[in-house]
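Student: Here is a sequence with its predicted model. Questions after.
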Amino acid sequence: MNPNDPSPETDTGDTVAFRRPRARDGKRIWEIARDSRVLDVNSPYAYVLWSQDFSETSIVAEVDGDVVGFVTGYRRPAKPDTLMVWQVAVDDAQRGKQIAKRMLCELFAHCAPTGVVAINTTISPDNQASQRLFAGAARQLGLRFAREPFFNADLFVDSHEPEDLYLLTPADIHE
């Protein structure tokens, strides 16, 4: 799929377009993160800055010109061929349309020509929805899907759960 070509949704007739975020999208991205009630919400400034400085490794989904979802990511400094996905969220009204998985696949397709061959993300053990999302994206992208321990809960100042590292890699790459 070309991120500039909208793809029709089968059940509603809505058209979803994908593009790089811009600084002015930061406020809406923050709102979607806040309204998700599951993400660790960062400051509005962080989302504006992220949309500006990491736009090449992030993506937004639009319906009728309104941002309805986002994926924020960056290249891992020690592994520049790996896209580290930081957050994924879709507006409540647009859930159930596979927009999150489509954003992940579109973002991977956008980053692949620049040398990205793998995706990493962290997910807490209780977040089965995210685990299913990344497993589905791995299947669609033809990537191997694995998990390993990453951050222990005692690293966090609050009652945060541990975070496992999920690895979506080509079959010939062993992390």
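Tutor: On my side now, so go ahead.

Student: Spatially central, which residue of the protein would that be?
Tutor: Centroid check for the chain by CA atoms, centre = their mean gives Val71 as the closest residue, at 3.3 Å.

Student: list the contacts for that one?
Tutor: Applying CB atoms under 8 Å, 6 or more residues apart in numbering, we find Val71 in contact with 58-59, 85, 87-88, 100, 103-104, 107. Bear in mind the C-beta positions are built from the backbone N, C-alpha and C, glycine included.

Student: Could you export these as CSV, including pLDDT and neighbour count?
Tutor: Listed next are those as CSV, based on pLDDT from 0 to 100; neighbours: other CB atoms under 10 Å:
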residue, pLDDT, neighbour count
Ser58, 98, 25
Ile59, 98, 26
Val85, 98, 25
Gln87, 97, 20
Val88, 97, 25
Ala100, 97, 23
Met103, 98, 26
Leu104, 98, 26
Leu107, 98, 26
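
Student: Which of the residues you listed fall within helices?
Tutor: Cross-referencing the contacts of Val71 against helices under DSSP state H gives 100, 103-104, 107.

Student: Roughly how far does the residue sitting furthest away from the middle of the chain sit from Trp50?
Tutor: Relative to the centre of the chain, and counting by CA atoms, centre = their mean, the farthest-placed residue is Asp154 at 25.2 Å. Noted for Asp154: a distance of 27 Å to Trp50, by CB to CB, to the nearest Å.

Student: picking up where we left off before, just flag the most distant two among the ones in helices among the contacts of Val71.
Tutor: Ala100 and Leu107 (10.8 Å; CB to CB).

Student: so Arg28 sits right up against Gly69, yeah?
Tutor: No - in this structure Arg28 lies outside contact range of Gly69 using CB atoms under 8 Å: 10.0 Å.

Student: would the residue nearest to the centre of the chain count as being in a strand?
Tutor: Yes - assigned with DSSP: H, G, I helix; E, B strand; the rest coil, Val71 falls within a strand.

Student: which residues does it bridge with?
Tutor: Judged by DSSP bridges, the bridge partners of Val71 are Ile59, Val88.
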